[in-house]
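[1] Fold the following for me, if possible:
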Amino acid sequence: MCLRAAPAAMLFLAAAAAQAQGWKPERAVEIVVGSTPGGALDRTARLLLKVIQERKLVEQPATILNKPGGSGALGLAYLAQHPGDGHYTMIIGQALLTNHIMGRSALDYTDFTPLAILNVEYVSLAVRADSPLRGAKDVIERLKKDPGALSVAVGTGVGSATQTAFAHAMFVAGVDAKKLRQVTFGSGGESMAALLGGHVDATSSPVSSVIEQMRAGRIRLVAVSAPRRMPGDLAEVPTWTELGVKSSVDVWRALTGPKGLSGAQIAYWEGVASRAVKDREWMKELERSVSEAGYKGSAETLKHWQVEYAEMKALYTALGLAKQ
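    Alright, predicted model coming up:
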C-alpha cells in the first residue's frame with residue numbers, strides 16, 4: 001500500500017513545489033502591437049523585447065506580432081481569442097479605452113488583464129520647419145475661422161491618444177473640434193513621413209516619434225501636452241496651458257494580457273515589467289525620447305484605466321463621438 005501511494009504523494013509534492021515557484025511560460029511568447037512597425041507602441045514593444053532577450057527575463061523565445069487596424073482594435077480582438085493564456089501579451093495605449101467608448105469595438109478594458117503601465121510620454125503638435133504656421137496660436141486662429149482649414153495627422157486613428165490630445169486642446173481653445181480635418185495613418189512613423197512629404201499641414205504625435213526630426217531641424221514643435229515645460233531639447237516648446245489652453249494629456253504605454261490570467265501569471269509579468277523598466281537600456285531610451293518613468297503594477301493600472309475611461313467618455317460625449 002505504501003509503495004502504491006508513494007507515486008501519488010510524489011506527484012502532489014511536485015505540483016506543490018511548482019505552485020510555490022509560480023507560473024512561467026512553457027513555450028514561445030507573443031507581444032502583440034496594434035500598429036505597423038515604426039510607431040511609438042511598436043518601439044516600446046521592441047525595446048521591451050530587446051531588454052527581455054538581453055537580460056534573459058523570459059526563458060522562452062519571444063516575438064513581436066504587428067496587427068494594425070482600427071486603432072489597435074484588431075490586435076485587441078486577437079488577444080481576446082486567448083483567454084487565460086499568459087503566453088500572449090500586448091503593448092497598448094489609450095485606444096483600449098476609446099475604441100469601446102466610440103463603439104468601434106465591443107471589447108473594453110474589463111475584457112483584458114492589466115499587467116503594468118511601463119512609461120508615460122506627452123503629445124506634441126509639429127509642423128515642417130518651413131511651415132507658415134509659426135506657432136500654436138496660428139493654428140488655433142486658423143481653425144477658429146475654419147475647423148477644416150488644416151489637415152492634421154493623428155497617428156493610428158480617431159480615438160488614439162494623439163487624436164485625443166489635439167482634439168481636446170482645440171475643444172478647450174474654442175475650435176469646433178467636430179469639424180477638424182484629422183488624417184489617420186498606420187503608425188507615428190507614417191504620420192511623420194506624411195508631414196515631411198507635405199501631405200499634411202501638421203502632426204499630433206508622441207514626442208518620441210518626432211524628436212529626431214526636430215533635432216535634425218526638419219520640423220518645429222509648436223506645443224506639447226505636458227503639464228509643465230519639458231527638459232532638454234524641448235525646453236523652448238510651450239505647453240498648451242502656457243498658451244492659455246487648459247489642456248494636458250499624457251500617453252501611457254501598458255502591457256496587458258487576455259482576460260482570465262491567474263494571479264501567478266500576473267505576478268510573473270509584473271516581475272518582468274518591473275525589472276525591464278529599471279534596465280539601463282530602458283532608462284537610456286526614456287532619456288533619448290524625453291519620456292518619463294511611470295511604472296504601475298497590475299492593480300494600479302486597473303485603477304488608472306477606470307478613472308481615465310470616465311474622463312475620456314465625458315470628452316468624447318462632448319465631441320459627439322461617444323457611442324457607449
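[2] contacting residues around the spatially closest residue to residue 272 that is not a sequence neighbour?
    In space, and not counting its chain neighbours, residue 272 is closest to residue 57: 4.9 Å by C-beta to C-beta, 6 or more residues apart in numbering. For every residue, glycine as well, the C-beta is placed using N, CA and C. By C-beta atoms under 8 Å, 6 or more residues apart in numbering, residue 57 lies in contact with 51, 272, 275-276.
[3] Show me which pair in the residues you listed is furthest apart.
    Greatest spacing in the contacts of residue 57, by C-beta to C-beta: 51 and 272 (9.2 Å).
[4] quick one, which of those two is more surrounded?
    residue 272 (24 against 20; other C-beta atoms under 10 Å).
[5] Buried residues of whichever strand or helix holds that one, list them for me.
    For residue 272, the element it lies in under DSSP states H and E is helix 263-276. Across helix 263-276, burial judged by 16 or more other C-beta atoms under 10 Å covers 265-270, 272-273, 276.
[6] Could you point out the helix or strand that follows that helix?
    helix 280-288.
[7] could you give the angle of that following helix to helix 263-276?
    Comparing the axes of helix 280-288 and helix 263-276 via axes from the mean of the first three to the mean of the last three C-alpha atoms, to 10 degrees yields an angle of 60 degrees.
[8] taking the mean pLDDT, what do you get for helix 280-288?
    In this model, helix 280-288 has a mean pLDDT of 93.
[9] Name the surrounding residues that touch the very next helix or strand once past it.
    Scanning forward in sequence from helix 280-288 by DSSP H and E, the next helix or strand is strand 292-296. With contacts defined as C-beta under 8 Å, 6+ apart, strand 292-296 is touched by 116-121, 250, 252, 273-274, 277, 283, 286, 304.
[10] Stretch 305-314 now?
    Contacts for stretch 305-314 (C-beta under 8 Å, 6+ apart): 94, 96-98, 101, 108-109, 114, 164, 322, 324.
[11] make it 7 Å
    With C-beta atoms under 7 Å, 6 or more residues apart in numbering as the test, stretch 305-314 has contacts from 97-98, 101, 109, 114, 164, 322.
[12] try stretch 60-75
    Here stretch 60-75 has contacts from 25, 27-37, 42, 45-46, 49, 52-53, 78, 90, 92, 95, 99, 104-105, 156-157, 159-160, 186, using C-beta under 7 Å, 6+ apart.
[13] Could you identify the buried members of the residues you listed?
    For the contacts of stretch 60-75, buried by 16+ other C-beta under 10 Å: 25, 29-37, 42, 45-46, 49, 52, 78, 90, 92, 95, 99, 104-105, 156-157, 159-160, 186.
[14] any idea how the protein splits into domains?
    Listed by automatic domain parsing, the domain ranges of the chain are 27-120+251-318, 122-234.
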